[in-house]
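Novice: here is a sequence with its predicted model. Questions after.
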Amino acid sequence: MPPFLATPLKLLLCGTAAIAVLAAAKIAGLSPAPLLVAPGSLAALLVFLVGLGFAGFLWWLASRCFLLLRDPATTPEQIAALRDLPLALPEGTVRALLALIVGVIGLPLLLFSQTLALNDAVAGYVNGIIAGVFGYYFGARSTGPDAQANRRLGEALEGQQRANDALRASEAAAREAASQAAQPDLLAGAAAALERHLGVARILLQRLGPALPAGLIPPQAQSAIDMAEQALGLARAGGADLGAIQAAASALTGREGPLATLLRAAAPLLPAAGGPLAGIALLLSAGWSLGAAAWRRFRAQLLDTPHDPALFDPGTITPASAELRLSEAPIFARLFQPRVAEAGFLASLLDTCLREDAAERLWAGYPGFANPAEASEGLAQFRRALLQDRVESDLGADTSIRAVQSLQEAAPALRPAANDRVALPQLGGGSDAQAALQALTLLLGEMREARTDPSRILSEIAA
């Protein structure tokens, strides 16, 4: 049997059963005359039966609702929507049911008011109730669609707002969780950077500072070191404070930090092309990448101590290169320029200058010097020129390119241009600039021994 016929058939069978009961009572001699004699009793019975019918109808609706709730296909949003409905029934069901009760009971009472012996006042009350209920019901139905549409639109907007608020809250929670997850890594990175700069500051202040002119190391350097040591001590003890670590690092890496101050002091010795600060940063970065022998020559050149013959590898300096550098040694140029054309003269002179006792040999074997001191001074000038030639050869184009690339993350003032090349400083400047350059050279030597890349240090300071 089709499901839509089952309920009407049940109602028909119930009615048939009731009629059969009445017919059986009549056949058995049990007349329903009392009910006919008392119409009020009959009306009361009918109202009671109608009430039972509507109660059964409500029970049937509720059972259908429970089936919907138990259905796995019902979503949580649908269940939440049912909570806002009267008796969890479809919207308008309760109003329609009330209107039906009034109509089914009230209309027969009104139509048979005389048979039921109802006075005019009671009939007027019944009429008013019926008119009021029907007027409200059909009036609500006529204006309902717009109001319902507006209400549903408002509910949809409210739901969207709640969804947006929930999404924003979840995003904020995700950002907070990511921040908390990244906090240990951020703290470890800040502590490692502070430790690097603290090591540099200690070398400059405690080991090199006493030999430097007053004022090259800023007076607040010691307090910055103390702040950094305190922040790192707390970090090692488990009471790390990211703000304290960053503040201590700023004191060491800022413009008034010891390294930035020395860089600015030594910058005038560098050629102006590309910027003096970029030039000194490029020079230090290139020195880091040199091999052991090239580094010894580089250090001797910057410290202006080209006195060790071991700096020159045998065979690397030819008479031709010696002749080119002869003009850069004024004393030698004055005495020996007329003799460069003599066969074997430059080779002999070069051999003499690269010996341990070169000054004594020059004074004894090469006339023209005013005194032994002038011979020693001329030898120093010539060796300095020869050393510069070897260092310039060591600092080739490849070394410059690597040094430029390593400083691309540095501050703009320390960042060389892509086509910049390493240039040697112009020695003989002011005493403070020369002292600052020598301090930076010795610092670079310490960093080479500790395997600390100066490019990383330079990329973290604000010069």
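Specialist: On my side now, so go ahead. Numbering: from 1, shown residues only.

Novice: in the stretch 351-463 of the chain, mark out all the strands, start to finish.
Specialist: In the stretch 351-463 of the chain, no segments count as strands under DSSP state E, counting those that start in this stretch.

Novice: is it true that residue 247 touches residue 227?
Specialist: Yes. Checked against C-beta atoms under 8 Å, the pair residue 247 and residue 227 is within contact range at 7.3 Å. Placement of C-beta: from N, CA and C, glycine included.

Novice: so between these two, which is more surrounded?
Specialist: Set side by side, residue 247 and residue 227 give different neighbour counts by other C-beta atoms under 10 Å, the larger being at residue 227 (21 against 15).

Novice: what's next to the host helix or strand of the more buried one, contact-wise?
Specialist: Assigned by DSSP states H and E, residue 227 belongs to helix 221-236. Helix 221-236 has contacts (C-beta atoms under 8 Å, 6 or more residues apart in numbering) with 187, 191, 194-195, 197-198, 201-202, 204-205, 209, 240-241, 244-245, 247-249, 251-252, 257-258.

Novice: show me how far that helix is from its chain's centre.
Specialist: Computed by C-alpha atoms, centre = their mean, to the nearest Å, the chain-centroid distance of helix 221-236 equals 27 Å.

Novice: repeat that for stretch 456-463.
Specialist: Relative to its chain's centre, stretch 456-463 lies at 22 Å (C-alpha atoms, centre = their mean).

Novice: pull out the buried positions in that stretch.
Specialist: Residues 456-461, 463 are the ones in stretch 456-463 that count as buried (16 or more other C-beta atoms under 10 Å).

Novice: and if you look at stretch 422-442?
Specialist: Along stretch 422-442, these residues count as buried under the neighbour rule (16+ other C-beta under 10 Å): 422-425, 432-442.

Novice: same deal with stretch 404-414?
Specialist: When neighbours are counted by 16+ other C-beta under 10 Å, the buried residues of stretch 404-414 are found to be 404, 406-407, 410-411, 413-414.

Novice: state the pLDDT value of residue 22.
Specialist: Note on residue 22: pLDDT of 63.

Novice: ok, residue 225 next?
Specialist: In the predicted model, residue 225 carries a pLDDT score of 90.

Novice: tell me how far it lies from residue 255.
Specialist: From residue 225 over to residue 255 the distance is 17 Å, taken as C-beta to C-beta, to the nearest Å.

Novice: and the contacts of helix 221-236, which of them are in helices?
Specialist: Secondary structure of those is defined by DSSP state H; positions in helices are 187, 191, 194-195, 197-198, 201-202, 244-245, 247-249, 251-252, 258.

Novice: type out the ChimeraX command that picks the buried ones from these.
Specialist: Written as a ChimeraX command, the selection of buried residues from the ones in helices among the contacts of helix 221-236, which uses 16+ other C-beta under 10 Å, is:
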select :187,191,194,197,198,201,202,244,245,248,249,251,252,258
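
Novice: between the ones in helices among the contacts of helix 221-236, which is closest to residue 77?
Specialist: Nearest to residue 77 among those, counting by C-beta to C-beta, is residue 187 at 43.6 Å.
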